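*Asks:* Build me a structure from this.
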Amino acid sequence: MTALNEGWFTEVFQDQGTAFSLQVKKKLHEEQTPFQKLEIYETETFGNLMVLDGCVMLTTRDNFLYHEMMTHPALFTHRDPKKVVIVGGGDCGTLKEVLKHPGVEEAWQVEIDERVTRMSEKYFPELCAANDDPRANFFFGDGIQWIRDIEPGSVDLIIIDSTDPVGPAEGLFALDFYRDAMLALREGGIIVQQSESPLLHTGTIIKSIHEDMRKAGFGHVQTLPFPQPVYPTGWWSCTMASKDNPLRYFREEDATNRPFVTRYYNPGVHQGALAMPQFMVDELDDYVVPGEG
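*Replies:* Numbering: from 1, shown residues only. The predicted model follows:
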C-alpha cells in the first residue's frame with residue numbers, strides 16, 4: 001500500500017502497523033511493464049528512488065549497503081569464484097559489485113523484467129557502470145527456468161537478488177529452485193539470497209529458507225543481518241548456503257587487501273555479520289553459535 005501526499009512518498013506496511021516515507025521533489029517516470037508497475041522519483045535527500053508495485057526497491061543514497069552485503073561476503077567466502085550468476089538484480093548494482101573482483105571470469109545477470117535494467121541505465125547510471133565489462137552477460141527471461149536448464153556443476157556462486165517472495169519472485173524462495181541451484185553449483189559452490197527483515201521474518205521467511213536449503217542438500221546455512229534504512233524496519237538480511245564448506249571462515253587477508261573501494265563492507269563488518277542476535281539463534285534451530293561447535 002502506498003500514498004503520495006503533500007510531497008511525500010509513503011510505503012505502508014499495513015499488516016505490521018508501520019510505514020516508511022521519503023520526501024520527493026517530483027516523479028521522473030512511471031510505466032506498467034509486462035510484469036509490474038515501475039516508478040522512479042527524485043527525492044529531497046536520498047537521490048533517486050525506484051518503486052516496483054508500490055514497494056521501495058532502492059535509492060541512490062543507501063543501495064550500497066544492500067549490494068555490497070549481497071556480494072562480497074559470499075565472494076570472499078568462496079575459495080576461488082570464477083563464474084557467478086545473479087538471478088534478479090535488474091538495477092545492475094549487484095553485477096557491478098561482483099565485477100569488482102578481478103578473479104571473476106564470467107558473470108550473468110538473469111532478470112525477468114528488462115525495463116528495470118533500462119530504467120536503471122537512465123536513472124541509476126552509477127549502478128550500471130560495469131554493464132559494458134566483457135565479463136558481463138545478460139539474459140532477460142525466467143530465472144527459475146534458466147537455472148534449471150544450465151549445465152550441472154558449472155557455476156561457483158548464485159546470487160538471488162529478488163524482490164519480496166510474491167508475484168514473479170515467489171518461485172525463487174521454493175525448495176524446487178534450491179534443488180536446481182544445488183545441481184548447477186560446482187564443488188564448493190555457494191548460493192546467497194536476500195532474506196527480508198530479521199525483526200519481521202526470522203520465524204517465517206528466514207526459517208523456511210534455512211529449512212528448504214538444507215532439504216535441497218546444502219550442508220551449511222548462515223544468515224547475515226545488515227542495515228538497510230529504506231526497507232521495512234530498516235534492518236535486512238541475506239542468507240548464504242554452501243554445498244561443502246563451513247561459511248564462518250572467509251579469505252580475510254584477501255578481503256583486507258581488496259583491490260577496490262567499498263563503502264560498507266570490510267573484514268570486520270563481515271565477521272560481525274556472522275554473529276546473529278540471540279532471538280534469531282533461538283528461532284533458527286540449525287544455527288551453531290561460533291565457539292560452541
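*Asks:* Just checking: what are the partner strands of the longest strand seen in the chain?
*Replies:* Assignment by DSSP state E gives strand 18-32 as the longest strand of the chain. Applying DSSP bridges to the sheet, strand 18-32 is found paired with strand 8-13 (antiparallel), strand 37-43 (antiparallel).
*Asks:* if you compare those strands, which one is most tucked away?
*Replies:* Across the strands paired with strand 18-32, averaging neighbours per residue (mean count of other CB atoms under 10 Å) puts strand 37-43 on top, at a mean of 19. Using the backbone N, CA and C atoms, a C-beta is placed for each residue, glycine as well.
*Asks:* Residues in contact with it: which ones?
*Replies:* 9, 22-32, 48-54, 59, 113, 115-116, 119, 123 (CB atoms under 8 Å, 6 or more residues apart in numbering).
*Asks:* mind checking which of the strands paired with strand 18-32 is nearest Asp244?
*Replies:* strand 8-13 (38.2 Å; CB to CB).
*Asks:* Quick one: mean pLDDT over that closest one.
*Replies:* Across strand 8-13, pLDDT averages out at 93.
*Asks:* Quick one: buried ones out of the contacts of strand 37-43?
*Replies:* 9, 22, 24, 28, 48-53, 59, 113, 115-116, 119, 123 (16 or more other CB atoms under 10 Å).
*Asks:* Make a markdown table out of the strands paired with strand 18-32 and add distance to Asp149.
*Replies:* Shown next, in a markdown table, are the strands paired with strand 18-32 (distance: least, CB to CB, whole Å):
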| stretch | distance to Asp149 |
| --- | --- |
| strand 8-13 | 35 |
| strand 37-43 | 27 |
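*Asks:* and Met276, which of those strands is closest to it?
*Replies:* Nearest of the strands paired with strand 18-32 to Met276, taken as CB to CB: strand 8-13 at 22.9 Å.
*Asks:* got the CA positions of the closest one in CSV?
*Replies:* Presented in CSV, the C-alpha positions along strand 8-13 are these (Å, rounded to 0.1, in the frame of the first residue of the first chain):
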residue,chain,number,x,y,z
TRP,A,8,5.9,12.6,0.4
PHE,A,9,6.1,9.0,-1.0
THR,A,10,4.9,6.6,1.7
GLU,A,11,5.1,2.8,1.7
VAL,A,12,2.6,1.5,4.3
PHE,A,13,3.2,-2.0,5.8
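*Asks:* Around Asp285, count how many other residues there are.
*Replies:* 9 (other CB atoms under 10 Å).
*Asks:* Confirm that it sits in a strand.
*Replies:* No - using DSSP: H, G, I helix; E, B strand; the rest coil, the secondary structure at Asp285 is coil, not a strand.
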